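J.: just coords:
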């Protein structure tokens, strides 16, 4: 059962956590790993290095959009492929993310969290929330 009085605030909590996570990961890639280091990492795992900047910018700008609720559910939907890519990169390292080279449970959790955000919506205090495509369709008679 869903408590409709508090559900918008639960969605807000989910949105804040997800937005801050994307911002933190963008910061990690930009400042700690550096763009050159992240480009090299992508090459080591068999991905083209030119994806480094689009990934970092998507995480940073997308994280901010999710955090403030600017079409957040659509942004989460757009960022799910990045999370699935991270999942595939870490899949062979085992379950726990603190395993050498990171395990796959954290990217899997984040992908499911982003998907939950897509389904639930932006919640309370969204700047410009996005509606579900199903919400705009007329009901079948």
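T.: Okay, I see it. All values reported here derive from a predicted model rather than from experimental measurement.

J.: Compute the number of surrounding residues for the nearest residue to residue 56 once chain neighbours are set aside.
T.: Once flanking residues are discounted, residue 56 sits nearest to residue 29: 4.9 Å by C-beta to C-beta, 6 or more residues apart in numbering. All C-beta spots, glycine's among them, are computed from the backbone N, C-alpha and C. By other C-beta atoms under 10 Å, the residues close to residue 29 number 21.

J.: ditto for the one 3 residues further on
T.: Residue 32 sits with 9 neighbouring residues when counted by other C-beta under 10 Å.

J.: Next: residue 55.
T.: By the measure other C-beta under 10 Å, the count of residues near residue 55 is 19.

J.: what pLDDT does it get?
T.: Note on residue 55: pLDDT of 98.

J.: Looking at the chain, which helix is longest?
T.: As assigned by DSSP state H, the longest helix anywhere in the chain is helix 7-27.

J.: residue contacts, residue 40?
T.: Residue 40 makes contact with residue 49, according to C-beta atoms under 8 Å, 6 or more residues apart in numbering.

J.: three-state assignment of it?
T.: Classification of residue 40 by DSSP: H, G, I helix; E, B strand; the rest coil places it in helix.

J.: Low-confidence stretches in the protein?
T.: Where the chain drops to pLDDT under 70, the residues are 132-141.

J.: Can you give me the distance of residue 44 to residue 65?
T.: For residue 44, the distance to residue 65 (C-beta to C-beta, to the nearest Å) stands at 30 Å.

J.: Between those two, tell me which one has more neighbours.
T.: Using other C-beta under 10 Å as the criterion, residue 44 and residue 65 rank with residue 65 on top: 21 against 11.

J.: Next, the buried residues of the one helix or strand the more buried one maps to.
T.: Using DSSP states H and E, residue 65 sits within helix 52-68. By neighbour count on 16 or more other C-beta atoms under 10 Å, the buried set for helix 52-68 is 52, 55-56, 58-60, 62-68.

J.: sorry, back to before: let's test this: what are the backbone torsions at the residue nearest to residue 56?
T.: When read as degrees, to the nearest 10, the backbone of residue 29 gives phi -70, psi -40.
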